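> Sequence first, predicted coordinates after that:
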Amino acid sequence: MPGDGRARFVVQRHRARRLHYDLRFEIDGVLVSWAVPRGPTLDPSARRMAVHVEDHPIEYLDFEGVIPAGEYGGGDVIVWDIGTWEPHATDDPAAAVAGGELHVDVFGEKLRGRLVLVRRGGPVRSGDREQWLLLHKKDEHAVDGWDPEDHPRSVVSGRTNEEVRADPDKLWRSDAPAARASVDLRPAAPLGADALLALDDLGAAGTWVVHGRELRLTNLDRPLFPGRDGQPPVTKRELVRYAAAIAPVVLPYLRGRALNMHRFPNGADKPGFWHKALPGHAPDWLPRWDNPEADRGESRTYLVVDEPAALVWAANFGALEWHAWTSLTQDQRRPTYALVDLDPGERTSWDDLLVLARLHRTALEHLGVRGQAKVSGRRGIQIWVPVRRTGRGAPDFAETRAWVERLSKSVGAVVPELVSWKWGKGSRGGLARLDYTQNAVNKTLVAPYSPRPAPGAPVSMPISWAELDDPSLRPDGFPLRTAVERVVERGDLFRPVLDHDQELRPLT
């Protein structure tokens, strides 16, 4: 509750299947809500239809951003108005709502004065939505002819729905618990000075409190990545620091997914190994998933990075690379991306690989299909294409694999001298492979922002499509030591892949 003792209200302009306004009042710990198709008004002569919908969690009160397509309420949302309110002629607003008539005085930035909500008609059958009437009393705040569509901008950010859709700050996961449903899409701010000093003061080992968890860190001064370009080796302390800083940015790409960890406990210049199973000594608070389809002898319990501290734990565990499944644990046989992996051969120059990447860019533009590119951190480039997750048009892995195969073979036909379709590396003649076989259950590509086990700790960095034309671009050109600075400056360029609203259009 605000300091003046009043409850809060919010009006969100919401573009889902249809444009409407959501009017919500804080009552008894929830947001009692009505959908108002034409929006609330200050015009006392206007009568607005309002549909009484389910209560929303308090955490949703100041949400402004996007809800992924396929989830409840999928679309873009702005905080059109927000403020406080008081009930009129009752001290029990919940009872007033149940009785079918609520009078309130609102104190917002756009809406002021007395609003009245009245339920229409008789008893409503189970499952039907209640139809209400919303009006503004003729008082000192009333304005004849006042239209909410003349005032379309957010009172929080000053942006329109279109601008929020194009560059959202937050994402709301309707299927997640309310406390974790809002996902911050903006770059992580640098860790606070106190947290950094605490990490530096640990010496070689100790307990660090970060992202609300106590982590026991070990061997912090051990070099993990050889140096590059005259720089000293990258230590485990630097890896842990990076994981803590980048975790809020990378979290949307790891949340709800099994994580395969590529561990190099003795450093990137020593042999590593894949570690899929969460070890028995892992702390109880770590999120995890038991794969019900695991065969005898296969890994069953996986780490799921559902909170930032879990990624820091993985880094301390020696996971230099992070590979999340491309399906969610809740539906492991349904992909969320179609993956294009441009894998260079020994004879493939960087310029050759850029030609292949630009051709894929052109093909996607021609198809009207949205995808995002990232450099692999080693020699390659990867393109992730978000796909519809549920309902009609949601592909399975066989369909994403077939679609990527057709796409890449169309590209390869333009420059056959650069591409081999033989899968054995020794039989490719040093040419590039356009690998569509990654589109399969439990197959992975390295996660965005993951380090790679190479000198200087290069990061698999998302890039803009325009950067394919930048002569300074290199596949391993984003070292761990400067990666967070780039993200703070440029933002999370991979965010569009989080919007799973598109079907894969047929290739003709």
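Okay, I see it. What you see is a predicted model, and the numbers here were worked out from it, not measured in a lab. Numbers count the residues shown, from 1 in each chain.

> only C-alpha atoms for contact and neighbour calcs from this point on.
Noted.

> Sheet-wise, list the partners of the strand or helix carrying Leu320 with their directions.
Assigned by DSSP states H and E, Leu320 belongs to strand 319-324. Looking at strand 319-324 with DSSP bridges, its partner strands are strand 258-263 (antiparallel).

> could you point out where this protein is predicted with low confidence?
1-5, 69-70, 122-127, 185-191, 508 (pLDDT under 70).

> Determine the longest strand present in it.
strand 75-87 (DSSP state E).

> That one: partners in the sheet, and parallel or antiparallel?
In the sheet, strand 75-87 lines up with strand 7-15 (antiparallel), strand 65-67 (antiparallel), strand 101-108 (antiparallel) (DSSP bridges).

> of these, which approaches Asp269 most closely?
strand 65-67 (42.3 Å; Cα to Cα).

> and the closest one, which residues are buried?
Gly65, Val66, Ile67 (16 or more other Cα atoms under 10 Å).

> Surely Arg379 touches Pro475?
Yes. Contact criterion Cα atoms under 8 Å: Arg379 and Pro475 qualify, at 5.3 Å.

> number of nearby residues for the nearest residue to Val459 once chain neighbours are set aside?
In this structure, Val459 finds its nearest non-sequential neighbour in Pro451, 4.3 Å apart by Cα to Cα, 6 or more residues apart in numbering. Neighbours of Pro451 under the rule other Cα atoms under 10 Å: 29.

> Does Pro451 touch Glu321 like I think?
Yes. Look at Pro451 against Glu321 with Cα under 8 Å: they come within range, at 5.6 Å.

> would you turn the buried residues of strand 65-67 into CSV with distance to Gln131?
Formatted as CSV, those follow (distance: Cα to Cα, whole Å):
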residue, distance to Gln131
Gly65, 28
Val66, 27
Ile67, 25
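
> Please point out which parts of the longest strand of the chain sit buried.
75-87.

> Stretch 388-403 now?
Arg388, Arg389, Thr390, Ala394, Pro395, Asp396, Phe397, Glu399, Thr400, Arg401, Trp403.

> give me phi/psi at the last one?
Dihedral angles phi and psi of Trp403 (degrees, to the nearest 10) take the values phi -70, psi -50.

> mind listing the helices for the stretch 351-500 of the chain?
397-414, 480-490 (DSSP state H, counting those that start in this stretch).

> quick one, what contacts the nearest residue to His211 once chain neighbours are set aside?
Using Cα to Cα, 6+ apart and skipping the chain neighbours, the partner closest in space to His211 is Ala309 (5.5 Å). Counting by Cα atoms under 8 Å, 6 or more residues apart in numbering, Ala309 makes contact with Val210, His211, Gly212, Arg213, Ala244, Ala247.

> I'd say the second one and Ala310 touch.
In other words, His211. No. If you go by Cα under 8 Å, His211 and Ala310 don't touch, sitting 9.3 Å apart.

> For the two, work out which one has more neighbours and name it.
A direct count of neighbours by other Cα under 10 Å for His211 and Ala310 places Ala310 higher, at 24 against 18.

> Shouldn't that one be within a strand?
No. With DSSP: H, G, I helix; E, B strand; the rest coil as the criterion, Ala310 is located in helix rather than a strand.

> And Leu339, how far from Trp172?
As judged by Cα to Cα, to the nearest Å, Leu339 and Trp172 stand 24 Å apart.

> right, I mislabeled it, should have said Ala94
27 Å.

> So for those two, which residue has more residues nearby?
Trp172 (26 against 15).

> That one against Asp62, yeah?
No. Assessed by Cα under 8 Å, Trp172 is found out of contact with Asp62, at 11.4 Å.

> Spatially nearest residue to Pro252 (excluding sequence neighbours)?
Val183 (7.1 Å).

> That neighbour: how many residues sit nearby?
Neighbour count of Val183, defined by other Cα under 10 Å: 17.

> just to revisit the earlier point, which residues do Arg379 and Pro475 both contact?
Contacts common to Arg379 and Pro475, judged by Cα under 8 Å, 6+ apart, are absent.

> Helices along the stretch 151-300 of the chain, start to end?
161-166, 178-181, 193-200, 236-254.

> winner for burial among those?
Of all the helices of the stretch 151-300 of the chain, helix 236-254 has the most neighbours on average by mean count of other Cα atoms under 10 Å, namely a mean of 23.

> what's next to that helix, contact-wise?
183-191, 196, 199, 210-211, 219-224, 304-309, 311-312, 315-316, 324, 447-449, 480-481, 484, 492, 498.

> Are any of those buried, and if so which?
183-188, 191, 199, 210-211, 220, 222-224, 304-309, 311-312, 315-316, 324, 447-449, 480-481, 484, 492, 498.

> Give me the subset of the residues you listed that lies in strands.
Val183, Asp184, Val210, Pro223, Leu224, Val304, Ala324.

> I'd like the distance between the nearest residue to the last one once chain neighbours are set aside and Ser299.
For Ala324, the nearest residue in space outside its immediate sequence neighbours is Leu259; the separation is 4.4 Å by Cα to Cα, 6+ apart. For Leu259, the distance to Ser299 (Cα to Cα) stands at 11 Å.

> Need the overlap of contacts for the two.
In contact with both Leu259 and Ser299: Lys276, using Cα under 8 Å, 6+ apart.

> which among the buried residues of stretch 388-403 gets closest to Pro287?
Using Cα to Cα, the buried residues of stretch 388-403 come closest to Pro287 at Arg389, 22.6 Å.

> Please tell me how far that closest one sits from Val77.
Distance from Arg389 to Val77, by Cα to Cα: 21 Å.

> Pro448 now?
Distance from Pro448 to Val77, by Cα to Cα: 26 Å.

> how about the strands in the stretch 1-150 of the chain?
7-15, 19-27, 30-36, 48-57, 65-67, 75-87, 101-108, 112-119, 130-136 (DSSP state E, counting those that start in this stretch).

> got the contact list for the shortest one?
Defining contact as Cα under 8 Å, 6+ apart, one finds that strand 65-67 is touched by 73-78, 164-165, 168-174.

> Pull the contacting residues for Asp184.
Counted by Cα under 8 Å, 6+ apart, Asp184 has contacts Asp169, Lys170, Leu171, Pro248, Val249.

> Looking at strand pairing, list the partners for it.
Beta-bridge partners, per DSSP bridges, of Asp184: Lys170.

> just to revisit the earlier point, which one, of the helices of the stretch 351-500 of the chain, ends up nearest to Ala466?
Nearest to Ala466, of these and by Cα to Cα, is helix 480-490 at 13.2 Å.
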